[in-house]
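**Q** I'll drop the sequence and a predicted model, then ask my questions.
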Amino acid sequence: MTTIRNVTLAVLFQSVLTLILVKTSLAAHVANLNDSRHATESVTNLTWFIQISDLHISHISDLDRVDQLLQFSKKTLPLVNPCAVLVTGDLTDAKAADYSGSGQSIREWDMYRVLVDESLKRSLWFDIPGNHDRFDVESRSSQDHFHLEQQRRMIQQGVNIQRKGKQTLFKMESLGVRLAFIGVDATPNQGLKRPFNFIGHLMENDLSDLKALSESAKVWTDNVVWFGHYPTSSLVSASSGLREIGKDGLVYLCGHLHSLYGAVRDMFAIHSTGLVEAELEDWKFGRMIRVLAVDDGHLVFNDFKHDTWPIVLVTWPPRIGRNFAPRNGSHVRMLIFSPQPVHKVSMSIDSGPVQDCVQEPQLQPLFILPWDQGLYQSVHTIQIKVMFEDGSSSDHQHRFSVTSVGETDIFDLGSVVLRIDLSSVFKLAFTLSVCVCVCPLVLLRLTRVKCWPVLERYHLLCSMDELYFPLVVYPIYLLVGPWCAAEVMTDRLGIIFTWGILVSDGGLQFLYLPADTTWLYATVHLASVHFPVILLVANILEEKCNTKKRITSSNMFSNLIFIHLPLLLHVCFQYYLVNAFYLAYGIPTMFGPMRMGELLLTVFLWYKASHLKAEELIAVSKMFSEHQE
């Protein structure tokens, strides 16, 4: 609960600052866009593509995940016929069979190769690695060979591919529309084992490479799409960062957060720089796909569950909250994809008169209907009915706004998650956790005043040097001292600190790797392990003091069950964590303060608290009572 509270405070703190700029940034972004575009009955200058993310192909669990990916390749791609598929990271799962360790699996990469080979028969396939694809990777050469081979095949299909460092630019043309896709690879050159491999990093050379590719893309087309694994909130940049470099693109597409496992779906934000960012829910659990269309330079998209038909994507008017490229439109335009032949499409606005849309013979997924845009200047709803030749039908709704009305009036947690700096949140959460564990104990020891009876147990705790100092020093030590040595990569030892990891080069030299996830890991440790120890040990002292006055067999049994059993269960829980840490990073983790050190400290404090003399505790309690009087 402490961790949740701390992280929540941090999120709210940053969200207040960022949301102040939402309306201003949105208005500025809209004002800077070309206002001369028109949504007409034209079938030119329209194309579409697909995004999927966080595939987590595994040879261990949920094999349906791969089977349905092949179904996506063989069924969805021919029906939708996108010009390209963007895959935004975590291509493989890379976890050990017992889920404790991590490392690349040749079998999983072979499974992914089969998927790519099958998909390339029907569409271009652009992917970018995620943090799982770099678990326990000492160098990039072996995986880069796979991607380079794949890119050579696409060059043979007419795709213009440019690489600078580890960043990639894909140029292509589809249905007369020029597109440029810039792949942002923020994974480390040396990939640590999980879990200390969560935050992405863009160094100065990466940003320089991305700027060069961006300039090249702008010469080719205005339709520039950025895509990568990490949301900008989980990226640490050396300078201005991706939010500044990518601000002129149509969108930055990403994954990684798994929509917080379904808790915050549809993450979308327009940053103060003008960058449009959209995170997609994962394939791993959600089986989600995103269909995007570029219609006369205007980008639209919607997310759909795999194998849910029909897919209806309205390209104009824009979905509410997504009017970041304003234009005048003489027609309602929508793309409809279905395995069943479509007989007729009808629509109404705000439950008004029903009208039949016209299917364009030259571009059959496109349905259009003339309208007077000037009549709809607030938030409205289009009701769409798709009727099939077998007599069945499907109903859909599309809430839209051709102005900025209703776009930033509602607090959007997904926008907050994309706007904050997760690395800073982790550090703030750790700082608050240390304060919660240390400051109350220090304050009680210094004041020597018993304010409320409920605090008597903590006064007793703070009066016992052998209990007080270990409990106070441990959280402070975690901030500055090493946790342990660990096999952070296969045959590579590292020394883990809260502020980063020193990785051995095989000799006496060490390379510093920032590992922002360590701040979160330490926060969770203090909240779930150390703080409960404070509560449980203090509980022993109070009960020991009280039961001295009323010793009975029933009290002894109650003392055993309600006082020592919780500590025993907590020790068992800590043993589980020690074992998981050992399986992840090897035997060296058994000789450090983190996990094993805390377990030994807990047993020591349990023993010391249980063997303190009750008379001494009663004397301390009386002293506080007299001081209070």
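**A** Here it is on my side, so go on. Numbers count the residues shown, from 1 in each chain.
**Q** So residue 194, which state does it fall into?
**A** Per DSSP: H, G, I helix; E, B strand; the rest coil, the secondary structure class of residue 194 is coil.
**Q** contacting residues for the closest residue to it other than its chain neighbours?
**A** Leaving aside its sequence neighbours, residue 194 sits nearest to residue 102 (CB to CB, 6 or more residues apart in numbering; 4.2 Å). C-beta here means a position set from N, CA and C on the backbone, and glycine is covered the same way. Residues near residue 102 by CB atoms under 8 Å, 6 or more residues apart in numbering: 94, 95, 96, 132, 135, 136, 193, 194, 584.
**Q** Lowest pLDDT pick from the residues you listed?
**A** Within the contacts of residue 102, pLDDT reaches its minimum at residue 96, with 77.
**Q** Next, work out how far apart that one and residue 394 are.
**A** Using CB to CB, to the nearest Å, residue 96 is found at 44 Å from residue 394.
**Q** What of residue 412?
**A** 28 Å.
**Q** Mind checking which of the two has more residues around it?
**A** Each of residue 412 and residue 394 has its neighbours counted (other CB atoms under 10 Å); residue 412 has more, 21 against 18.
**Q** give the contact list for the more buried one.
**A** By CB under 8 Å, 6+ apart, the neighbours of residue 412 are 268, 269, 321.
**Q** hang on, the second one packs against residue 413?
**A** No: between residue 269 and residue 413 there is no contact, the gap being 10.9 Å when judged by CB atoms under 8 Å.
**Q** And those two? Which one has more around it.
**A** Between residue 269 and residue 413, counted using other CB under 10 Å, residue 269 has the larger neighbour count: 26 against 13.
**Q** helix or strand for the more buried one, which one?
**A** Secondary structure from DSSP states H and E places residue 269 in strand 267-270.
**Q** What residues of the longest helix belonging to the chain count as buried?
**A** Scanning the chain for the longest helix, with DSSP state H as the assignment, gives helix 422-447. Buried residues in helix 422-447, counted by 16 or more other CB atoms under 10 Å: 422-430, 432-434, 436-438, 441, 444-445.
**Q** List the contacts of the helix or strand that residue 225 is a member of.
**A** For residue 225, the element it lies in under DSSP H and E is strand 224-228. Residues outside strand 224-228 that contact it (CB under 8 Å, 6+ apart): 51, 86, 88-89, 126, 128, 179-186, 200, 214, 217-218, 242, 246, 248-254, 292, 299.
**Q** ok, that strand: who's next to it in the sheet?
**A** When pairing is defined by DSSP bridges, strand 224-228 lines up against strand 177-184 (parallel), strand 251-254 (parallel).
**Q** got the CA coordinates for the first one in PDB?
**A** It stands for strand 177-184. Listed next in PDB are the C-alpha coordinates belonging to strand 177-184 (Å, rounded to 0.1, in the frame of the first residue of the first chain):
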ATOM      1  CA  VAL A 177       0.800   8.200 -50.900                       C
ATOM      2  CA  ARG A 178       4.400   8.600 -49.800                       C
ATOM      3  CA  LEU A 179       5.100   7.400 -46.200                       C
ATOM      4  CA  ALA A 180       8.200   7.400 -44.000                       C
ATOM      5  CA  PHE A 181       8.500   5.200 -40.900                       C
ATOM      6  CA  ILE A 182      11.200   6.000 -38.400                       C
ATOM      7  CA  GLY A 183      12.000   3.200 -36.100                       C
ATOM      8  CA  VAL A 184      13.300   4.400 -32.700                       C
END
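**Q** Next, the buried residues of that strand.
**A** 177, 178, 179, 180, 181, 182, 183, 184.
**Q** Would you tell me what the next helix or strand after that strand is?
**A** The helix or strand immediately downstream of strand 177-184 is strand 200-202, counting by DSSP H and E.
**Q** Who are the packing partners of that following strand?
**A** Applying 3 or more CB pairs under 8 Å, 6 or more residues apart in numbering; DSSP states H and E, one finds that strand 200-202 makes contact with strand 235-237.
**Q** tell me which strands and helices the strand it packs on is in contact with?
**A** Counting by 3+ CB pairs under 8 Å, 6+ apart, strand 235-237 packs on strand 200-202.
**Q** Pairing partners for the strand it packs on, with directions?
**A** Partner strands and pairing direction for strand 200-202 (DSSP bridges) are strand 235-237 (parallel).
**Q** Do me a favour and average the pLDDT over whichever helix or strand comes after the partner strand.
**A** Under the assignment DSSP H and E, the closest C-terminal helix or strand after strand 235-237 is helix 242-245. Averaged over helix 242-245, pLDDT sits at 93.
**Q** Only alpha carbons, please: show helix 242-245 as PDB.
**A** What follows is helix 242-245, C-alpha atoms only, in PDB (Å, rounded to 0.1, in the frame of the first residue of the first chain):
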ATOM      1  CA  LEU A 242      12.200  12.400 -28.800                       C
ATOM      2  CA  ARG A 243       9.300  14.700 -27.900                       C
ATOM      3  CA  GLU A 244      11.200  17.500 -29.500                       C
ATOM      4  CA  ILE A 245      12.700  15.700 -32.400                       C
END
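**Q** Distance from it to the middle of the chain?
**A** Here the centre of helix 242-245 is set off from its chain's centre by 19 Å, with CA atoms, centre = their mean, to the nearest Å.
**Q** Ok, stretch 95-105 next?
**A** Counting by CA atoms, centre = their mean, stretch 95-105 comes out at 20 Å from the chain centroid.
**Q** Same list (the strands paired with strand 224-228) but as TSV, adding mean pLDDT and distance to residue 374.
**A** As requested, the strands paired with strand 224-228 are exported to TSV (pLDDT from 0 to 100; distance: least, CB to CB, whole Å):
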stretch	mean pLDDT	distance to residue 374
strand 177-184	95	28
strand 251-254	96	28
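**Q** Out of these, which is closest to residue 370?
**A** strand 177-184 (23.4 Å; CB to CB).
**Q** partners of the closest residue to residue 46 other than its chain neighbours in the sheet?
**A** Leaving aside its chain neighbours, residue 46 sits nearest to residue 295 (4.9 Å; criterion: CB to CB, 6+ apart). With DSSP bridges applied, residue 295 shows beta-bridge pairing to residue 46, residue 298.
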